[in-house]
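J.: I'll drop the sequence and a predicted model, then ask my questions.
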Amino acid sequence: MKKINRKNSKFGKNIAFIGFRGTGKSTIAKLLGKKLKRNYYSIDAIVEKKFGETISSLVKTKGWKYFRDLECNELKAMNLEREVIIDCGGGIVLRKKNRELLRKNSFVVLLEADVDTIEKRISKDKNRIRLSKKKTLREEIESQLLKRNKYYEELADVVFNSSQLTKEVIVSKIIFSM
């Protein structure tokens, strides 16, 4: 576990999970929510439910910008809540406004995994939309991680590698770090 000390207080804050697709955000966020008896919200699931389409379908028909706008609106709504668990999509960090909201209102948990693990996990899910049709899955992962890692690390209060730790150990370490 890497712990990054920021000067903001964690009390009364939401716990937000960030990280690339396939790092275990949804699984670990749900488990933490049960353990702490806090409400769990998945921004991606909320968008899908509200608009009656999968993210893949929304992106295909309306584009990434449209989806990112919806994602940003849901994050704003989540920030009106207190002490909830927020499962953010992997690209939420790409917008400055989202980073500001997360920094202000959440204790941010970054989940990482090695590229082999991410590739293995993502390739099992045929419903996950590809970000690029011109690259192999591995090239896509490496390229996106290069773009996003600086934002992930800038926001993180704590960092865990889900390739090396079980979900139960990560949840225990998150609770301990709070």
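T.: Sure, I can see it. Numbering: from 1, shown residues only.
J.: C-alpha only now, for contacts and for neighbours.
T.: OK.
J.: Can you name the residues that contact R21?
T.: G89, G90, I118, I122 (CA atoms under 8 Å, 6 or more residues apart in numbering).
J.: likewise S162?
T.: So S162 contacts T23, G24, L111, E112, A113, I170 (CA under 8 Å, 6+ apart).
J.: Reformat those residues as TSV; add pLDDT.
T.: Output for the contacts of S162, formatted as TSV (pLDDT from 0 to 100):
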residue	pLDDT
T23	96
G24	95
L111	98
E112	97
A113	96
I170	96
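J.: Show me what the longest strand along the chain is packed against.
T.: Taking DSSP state E as the criterion, the chain has its longest strand at strand 106-112. In terms of contacts (3 or more CA pairs under 8 Å, 6 or more residues apart in numbering; DSSP states H and E), strand 106-112 is packed against strand 14-18, helix 137-155, strand 158-161.
J.: redo that, cut-off 7 Å
T.: Helices and strands touching strand 106-112, by 3 or more CA pairs under 7 Å, 6 or more residues apart in numbering; DSSP states H and E, are strand 14-18, strand 158-161.
J.: Mind putting those strands into CSV with mean neighbour count?
T.: As requested, those are arranged in CSV below (neighbours: other CA atoms under 10 Å):
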stretch, mean neighbour count
strand 14-18, 26
strand 158-161, 20
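J.: Turn those into a markdown table, including distance to K50 and mean pLDDT.
T.: Shown next, in a markdown table, are those (distance: least, CA to CA, whole Å; pLDDT from 0 to 100):
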| stretch | distance to K50 | mean pLDDT |
| --- | --- | --- |
| strand 14-18 | 21 | 97 |
| strand 158-161 | 31 | 96 |
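J.: okay, L80: pLDDT?
T.: Looking at L80, its pLDDT stands at 86.
J.: where do the helices sit along the protein?
T.: 25-36, 43-51, 55-62, 64-78, 96-105, 115-124, 137-155, 167-177 (DSSP state H).
J.: Which of the ones you listed sits closest to G12?
T.: Taking CA to CA, helix 96-105 is the member of the helices of the chain nearest to G12, at 8.8 Å.
J.: how about the most far-flung residue of the chain relative to its centre, phi and psi?
T.: Distance from the centre of the chain peaks at K134, with 24.7 Å (CA atoms, centre = their mean). Reported as degrees, to the nearest 10, the phi and psi values for K134 are phi -90, psi -10.
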